[in-house]
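Q: coords below, sequence missing:
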């Protein structure tokens, strides 16, 4: 069953702007992961945040996790046209396979 | 880094035929692999967990006799779509877990079109 729910479903921004995507989930987790998928391709792991972490950075990516609200956000700063892709959150509850959200389709317009 | 190779990347077949999709872990061993299905603009839905040397574990609603999974070695899992129908047309993606809580490594997916 679907665990994560991203919003917005689609986001269109100008190059240079920041993009924020949110993910909500329902059950307890060990960690939450964000993946990127270019059209017609497999998924690429972006960042993993553990349940005892609140914020994590990787390059232009910033992820937050609020376990009390069961939500996470992914911020991409200074977006580029090459960031155009779908972004998925996935939750790891320890003894079950990753469960993916519905994804946010990001379009960065040059 | 760990690489998962999946092929074919695209396949078109006629209704009633069977199609085999291969998923290989190139530089690591994978006792477990996951097979996902993705419809356009939708999320990944887990179909089954492939286990090396034993039977696959199928998710509820996935027909095990239609989607045959074989995981005969530590580096290869195959998904065979038997007697394919147009409604089986989809994007199929395999993945293998890394060590501990490290992320999944994904193949590039197979676009199946059944005519």
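A: That came in fine, so what should we check first? Please read all numbers here as calculations on a predicted model, not as lab measurements.

Q: helices or strands next to the helix or strand bottoming out on mean pLDDT in chain B in the packing?
A: Least confident helix or strand of chain B, by mean pLDDT, DSSP states H and E, is strand B:104-106 with a mean of 88. In terms of contacts (3 or more C-beta pairs under 8 Å, 6 or more residues apart in numbering or on different chains; DSSP states H and E), strand B:104-106 is packed against strand A:43-50, strand B:90-97. All C-beta spots, glycine's among them, are computed from the backbone N, C-alpha and C.

Q: and the first one, what other elements does it pack with?
A: With contacts defined as 3+ C-beta pairs under 8 Å, 6+ apart, the packing partners of strand A:43-50 are strand A:31-37, strand A:55-58, strand A:61-66, strand A:71-76, strand B:104-106.

Q: would you turn these into TSV with mean neighbour count and distance to residue B:26?
A: Shown next, in TSV, are the helices and strands packed on strand A:43-50 (neighbours: other C-beta atoms under 10 Å in any protein chain shown; distance: least, C-beta to C-beta, whole Å):
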stretch	mean neighbour count	distance to residue B:26
strand A:31-37	24	20
strand A:55-58	12	25
strand A:61-66	18	26
strand A:71-76	20	29
strand B:104-106	24	10
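
Q: which of these has the lowest average pLDDT?
A: Of all the helices and strands packed on strand A:43-50, the minimum mean pLDDT falls on strand B:104-106 (a mean of 88).

Q: Need the residues that contact stretch B:22-35.
A: Outside stretch B:22-35, the residues within contact range by C-beta atoms under 8 Å, 6 or more residues apart in numbering or on different chains are A:97-98, B:2-7, B:46-52, B:67, B:69, B:71, B:74-79, B:92-98, B:104-105, B:107.
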